[in-house]
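**Student:** here is a sequence with its predicted model. Questions after.
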Amino acid sequence: MKLRTPSEGRNAVTIDEKAVAALEDRVLGPEHKGLPPAAWGRTVREFLDSGPHLDEFETPVLTVDRAAVAANVAVMADWAQAAGVRLAPHGKTTMAPQLWAQQLVAGSWGITLATVWQVQLARSFGVGRIVLANALVDPVGLHWLAGELAQDPAFEFVCWADSVETVTLMDEHLRSAPGQAGIRVIIELGGPHGRTGARTVAEAKAVAVAVDRSARLTLAGVGGYEGALGHDRTPDAVAAVRHYLDELGGLHRELAADGLYHDGAIISAGGSAYPDLVVECLAGFADEQGVQGIPTTVVLRSGAYIIHDDGFYAGISPLAAPRSERPLRSAMHGWARTVSRPEPELALLDAGKRDLPFDEGLPVPQHIAGQEDSLNAAATVSALNDQHAFLRLPGSTAAEVPVGSVVRLGLSHPCTAFDKWRLIPVIDDADAERPRVVDLLHTFF
């Protein structure tokens, strides 16, 4: 049985529901961080049937809030539909097929990934439409992809190219690859001091011409990543992002005018920081007639929205409170136990860099588990070691945060939270006095 996105006919995107469901048959063991020993030797299904609660787990532990995830999926799906754009969420954020399935069932156009290995994993779970937001010049990966496309003609795939050299290498590697299936390529436009991507429209057009001349490649559209050009909502950052997106739209127009598209086109942009600007600048291209009569699909690749956070994305996303009437909610929290009170205003927690994200901001102490408003508002985490967090407690006494107490932490940047965990408990309500564990998320990093 397959999960099918609504109203997309024979081209509906699928994921193998049986493969996802089979994750419940995996046997738990000590390799799963935070799990209680009572779970070892049981399958996921057997353990969940026992009705576990979060306070039965060891610390540190990362959790996902079930209700927040469901709300975030619905918010983004509705927002994209209202804006007239398609959503191909970046799966590398979570690397969790269970969450990909939720996104596809909610209407996502496909799943975006960043490496050929991630694509291979997604294919093992039956994902039917994939955007590889990267160049593919690895010969082993290209041979695998050619075979996969030959074996399953319904599989839809696009990858990126940002130089003529990339196109030449792909052609060379594909000469000995199986089958004759063509690989669809999006021309990546970059920006000054950005990441990958051709640095000028003229360079990008040269790449498109090279793709058009290739025997095994087909021009699929244009794309890029505007998030590399800004890191906040200052006027300069917003202007830089808008300018880039306008150039991306201009490149699409020029390729259409030059007759380089032969079967529709894609314009793709969008992280989770500036999706509103992508819609503002590019949604107008989403039309069956498109430019020069070329049907155009605008694809937004936001990924972090499904988990959101209490840090970077909470501060920049247009869909975060208070900037949205229907805001995204942070679905992830860290839970760490106080293991030392060596100074009056210092507590050491048992979670560190191996457990919690820190690249886009340190964890934020919220309260002692089960006790709302139990921490002074001035409490902060000042540093992380490998396995410790330094919780600063101005004006506090040891009695307020005693050794053994568990602190709930707000986190920043889901991408670097999930990659530290292979199994993440899903709880019914992070605000409950005693959260119940209702599922276990499997990640593949």
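**Tutor:** Great, that's in hand. Numbering: from 1, shown residues only.

**Student:** neighbours of residue 342, just the number please.
**Tutor:** 8 (other Cβ atoms under 10 Å). C-beta here means a position set from N, CA and C on the backbone, and glycine is covered the same way.

**Student:** these two touch, right, it and residue 348?
**Tutor:** Yes - contact criterion Cβ atoms under 8 Å: residue 342 and residue 348 qualify, at 7.0 Å.

**Student:** okay, the biggest helix by length in the chain in PDB with CA atoms only?
**Tutor:** For the chain, the longest helix by residue count, based on DSSP state H, is helix 235-257. Once non-C-alpha atoms are left out, helix 235-257 reads as follows in PDB (Å, rounded to 0.1, in the frame of the first residue of the first chain):
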ATOM      1  CA  PRO A 235      16.800  45.900   5.400                       C
ATOM      2  CA  ASP A 236      20.200  45.000   3.800                       C
ATOM      3  CA  ALA A 237      19.600  41.300   4.200                       C
ATOM      4  CA  VAL A 238      16.100  41.500   2.800                       C
ATOM      5  CA  ALA A 239      17.200  43.600  -0.100                       C
ATOM      6  CA  ALA A 240      20.000  41.200  -1.000                       C
ATOM      7  CA  VAL A 241      17.600  38.200  -0.900                       C
ATOM      8  CA  ARG A 242      15.000  40.100  -3.100                       C
ATOM      9  CA  HIS A 243      17.700  41.100  -5.600                       C
ATOM     10  CA  TYR A 244      18.900  37.500  -5.900                       C
ATOM     11  CA  LEU A 245      15.300  36.100  -6.300                       C
ATOM     12  CA  ASP A 246      14.600  38.700  -9.000                       C
ATOM     13  CA  GLU A 247      17.800  37.600 -10.800                       C
ATOM     14  CA  LEU A 248      16.600  34.000 -10.600                       C
ATOM     15  CA  GLY A 249      13.300  34.900 -12.100                       C
ATOM     16  CA  GLY A 250      15.100  36.800 -14.900                       C
ATOM     17  CA  LEU A 251      17.300  33.800 -15.600                       C
ATOM     18  CA  HIS A 252      14.100  31.700 -16.100                       C
ATOM     19  CA  ARG A 253      12.700  34.200 -18.500                       C
ATOM     20  CA  GLU A 254      15.900  34.300 -20.600                       C
ATOM     21  CA  LEU A 255      16.100  30.500 -20.800                       C
ATOM     22  CA  ALA A 256      12.500  30.300 -21.900                       C
ATOM     23  CA  ALA A 257      13.000  33.000 -24.500                       C
END
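
**Student:** state the next helix or strand along the chain beyond that helix.
**Tutor:** Downstream of helix 235-257, the first helix or strand assigned by DSSP states H and E is strand 265-269.

**Student:** name the helices or strands packed onto whichever helix or strand residue 313 is part of?
**Tutor:** Residue 313 belongs to helix 312-316 when assigned by DSSP H and E. If you count contacts as 3 or more Cβ pairs under 8 Å, 6 or more residues apart in numbering; DSSP states H and E, helix 312-316 packs onto no helix or strand.

**Student:** which strands and helices sit next to the longest helix of the chain?
**Tutor:** So helix 235-257, by 3+ Cβ pairs under 8 Å, 6+ apart, packs with helix 201-213, strand 217-223, strand 265-269, helix 275-282, strand 287-291.

**Student:** okay, buried residues for the helix holding residue 313 please.
**Tutor:** Residues of helix 312-316 classed as buried: 312-314, 316 (neighbour count, 16 or more other Cβ atoms under 10 Å).

**Student:** let me know the closest of these to residue 19.
**Tutor:** Of all those, residue 19 sits closest to residue 313, with 29.7 Å by Cβ to Cβ.

**Student:** and that closest one, what is it in contact with?
**Tutor:** 272-273, 304-305, 320, 328, 412-414 (Cβ atoms under 8 Å, 6 or more residues apart in numbering).

**Student:** do that again at 6 Å, thanks
**Tutor:** Residue 313 sits next to 272, 304 when contact means Cβ atoms under 6 Å, 6 or more residues apart in numbering.

**Student:** return the distance of it relative to residue 93.
**Tutor:** 11 Å (Cβ to Cβ, to the nearest Å).

**Student:** find the residues that touch each one of those two.
**Tutor:** Contacts common to residue 313 and residue 93, judged by Cβ under 6 Å, 6+ apart, are residue 304.

**Student:** specify the beta-bridge partners of residue 185.
**Tutor:** Per DSSP bridges, the residues bridged to residue 185 are residue 159, residue 219.

**Student:** what about it, how many residues nearby?
**Tutor:** Count around residue 185 with other Cβ under 10 Å applied: 28.

**Student:** chain center to stretch 67-77: distance?
**Tutor:** Using Cα atoms, centre = their mean, to the nearest Å, the mean C-alpha position of stretch 67-77 is found 14 Å from that of the whole chain.

**Student:** longest strand in this protein, by number of residues?
**Tutor:** strand 332-343 (DSSP state E).

**Student:** partner strands of the next helix or strand after that strand and their direction?
**Tutor:** Using DSSP H and E, the helix or strand that follows strand 332-343 towards the C-terminus is strand 346-349. Under the criterion DSSP bridges, strand 346-349 sits next to strand 332-343 (antiparallel), strand 389-392 (antiparallel) in its sheet.

**Student:** Throw the ones you listed into JSON lines and include distance to residue 120 and mean pLDDT, thanks.
**Tutor:** Shown next, in JSON lines, are the strands paired with strand 346-349 (distance: least, Cβ to Cβ, whole Å; pLDDT from 0 to 100):
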{"stretch": "strand 332-343", "distance to residue 120": "26", "mean pLDDT": "97"}
{"stretch": "strand 389-392", "distance to residue 120": "36", "mean pLDDT": "97"}
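
**Student:** can you tell me which of these is most buried?
**Tutor:** strand 389-392 (a mean of 22; mean count of other Cβ atoms under 10 Å).

**Student:** distance check, residue 68 against residue 29.
**Tutor:** From residue 68 to residue 29 the distance is 28 Å (Cβ to Cβ).

**Student:** neighbour count winner among those two?
**Tutor:** Taking residue 68 and residue 29 together and counting by other Cβ under 10 Å, residue 68 has the greater number of neighbours (21 against 13).

**Student:** just checking, that one touches residue 332?
**Tutor:** No - the criterion here is Cβ atoms under 6 Å, and residue 68 misses it with residue 332 at 8.5 Å.

**Student:** contacting residues for residue 56?
**Tutor:** Contacts of residue 56 (Cβ under 6 Å, 6+ apart): residue 36.

**Student:** confidence score at it?
**Tutor:** If you check residue 56, the pLDDT there is 97.

**Student:** do the same with residue 290
**Tutor:** 68.

**Student:** related to what we said a few turns ago, buried residues in the longest helix of the chain?
**Tutor:** 237, 240-242, 244-245, 247-249, 251-252, 254-256.

**Student:** residues in contact with that helix?
**Tutor:** Against helix 235-257 from outside (Cβ under 6 Å, 6+ apart): 189, 191, 201, 204, 208, 222, 224, 226, 229-230, 267, 274, 277, 281-282, 291-292, 294.
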